[in-house]
Each structure stands twice: as C-alpha cells, then as structure tokens.
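Peer 1: With the sequence up front, the predicted model follows.
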Amino acid sequence: MSTLAVYPGSFDPLTNGHVDIISRGARLFDRIIVAMLVNAEKQPLFTTQERVDICRAVFKGQPNVEIDTFDGLLVDYVARRGANVIVRGLRAISDFEYEFQMALMNRRLDGGIETIFMMPAEQYTYISSRLIKEVFSLGGRVDGLVPELVEARLRDKVLARGK
Ligand code: ADP
C-alpha cells in the first residue's frame with residue numbers, strides 16, 4: 001500500500017520550519033501534498049497563487065512533493081485525494097492543545113485518516129509565519145529562517161507597499 005500524506009496550512013509565507021517538515025514527510029511517505037488553505041486569513045500577505053508559486057519553486061527538484069490548494073473541510077479534501085495521512089508540525093507545547101483538538105475532531109469526522117505529528121530541527125522550533133512577517137515588516141533580518149526566495153518576495157511586498 002502506498003502512503004499519500006497531506007500537509008495542510010496557510011504557509012503565509014513558507015518558512016524553513018515548514019520546509020523541514022515537508023522534507024521529513026517526503027522521506028517518510030511515498031508522496032506528500034502540501035495543501036494551501038484558501039482564505040485561511042481574511043488578509044493574507046501573499047495571495048494563494050503567490051504561496052503556491054513559492055512552494056513549487058522551492059520543491060521543484062522533488063517529484064514526490066506536490067503543491068495544491070483546498071477549501072472547506074480538510075477531511076473531505078484528504079478523502080477526495082485518496083490520502084490516508086494528515087501531517088502536522090509541532091513546535092512547542094503551545095501548539096499541542098489546538099492540534100490535539102483538530103486531530104480528534106478530524107478522526108471523528110473520518111476515522112480512516114490518521115494525523116501524524118512531526119517535530120522540526122530545533123533551530124526552527126520558534127519560527128512561525130506570523131513572527132516572520134512581523135519581524136520583517138519592522139526591518140529585522142529573517143535570513144536563515146525562510147527560503148531565500150521567500151526573503152526576496154517579502155522584500156518585494158514591502159517595497160510595493162512603500163510606493
Ligand atoms: P496554520 O495556519 O494551519 O497554523 P501554518 O502554515 O502556520 O498553518 O502551519 C502549518 C503546519 O505547520 C501546522 O501544523 C504548524 O504547526 C506547522 N508549523 C508551522 N511552523 C512550523 C515550524 N517552525 N516548525 C514545525 N512546524 C511548523
């Protein structure tokens with residue numbers, strides 16, 4: 001049986017924490033689908049298409065990493081794709097409560113899907129997309145915390161705003 005995993009999230013923007021989890025997933029499962037939630041936040045910094053393009057560019061050499069979008073119930077999307085695993089990343093205890101609730105709710109909604117949690121390398125455990133956006137917009141450095149392409153796109157956004 002081949003294992004197809006779905007890694008859902010907003011990825012606004014993709015960070016090295018996400019990249020770490022996706023790379024681990026790509027080694028563990030036959031195929032991993034990075035599924036971007038459409039309209040997750042009312043005002044995402046990057047459009048869905050921009051987030052997809054960034055992710056595709058970063059993983060272009062890896063044939064078992066697929067980038068897709070979804071809206072509505074995650075378990076419906078997972079079932080529609082014929083996947084059997086949901087991957088989530090755990091950074092700290094603070095992630096645990098929400099993730100635990102989501103995993104059990106998703107199990108109730110579809111008992112055939114298993115949620116698997118993975119921890120990133122410790123240097124990425126404190127990174128969140130929200131913190132990256134906040135620090136960058138205030139002029140702080142984020143190199144080493146996000147892919148170089150993301151840094152460049154963040155710069156474009158800030159310049160565009162300044163116009
Ligand atoms: P959401 O908006 O659903 O929190 P994110 O795009 O922020 O989506 O994150 C998607 C998943 O990746 C979540 O499981 C989140 O806990 C995990 N994640 C986010 N940042 C990191 C990180 N630095 N290390 C490991 N996992 C992370």
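Peer 2: Looks like it arrived, so ask away.
Peer 1: which regions of the chain lie under the pLDDT threshold?
Peer 2: Counting by pLDDT under 70, the chain shows low-confidence ranges at 40-41, 162-163.
Peer 1: Would you map the strands across it?
Peer 2: 4-9, 31-37, 65-70, 85-89, 114-118 (DSSP state E).
Peer 1: Next up, the contacts around Ile4.
Peer 2: Not Ile; residue 4 is Leu. Phe29, Asp30, Arg31, Ile32, Ile33, Arg81, Gly82, Ala83, Asn84, Val85 (C-beta atoms under 8 Å, 6 or more residues apart in numbering). Yep, even glycine has a C-beta here, placed from its N, CA and C like the rest.
Peer 1: mind running it again at 7 Å?
Peer 2: Residues near Leu4 by C-beta atoms under 7 Å, 6 or more residues apart in numbering: Phe29, Asp30, Arg31, Arg81, Gly82, Ala83, Asn84.
Peer 1: quick one, longest helix in this protein?
Peer 2: helix 93-109 (DSSP state H).
Peer 1: circling back to that earlier point, and the contacts of Leu4, which is closest to Pro63?
Peer 2: Nearest to Pro63 among those, counting by C-beta to C-beta, is Arg31 at 8.7 Å.
Peer 1: got a list of what the closest one touches?
Peer 2: So Arg31 contacts Leu4, Asn64, Glu66 (C-beta under 7 Å, 6+ apart).
Peer 1: so can I have a markdown table of the residues you listed showing distance to the ligand?
Peer 2: Formatted as a markdown table, the contacts of Arg31 follow (distance: C-beta to the nearest ligand atom, whole Å):
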| residue | distance to the ligand |
| --- | --- |
| Leu4 | 18 |
| Asn64 | 19 |
| Glu66 | 16 |
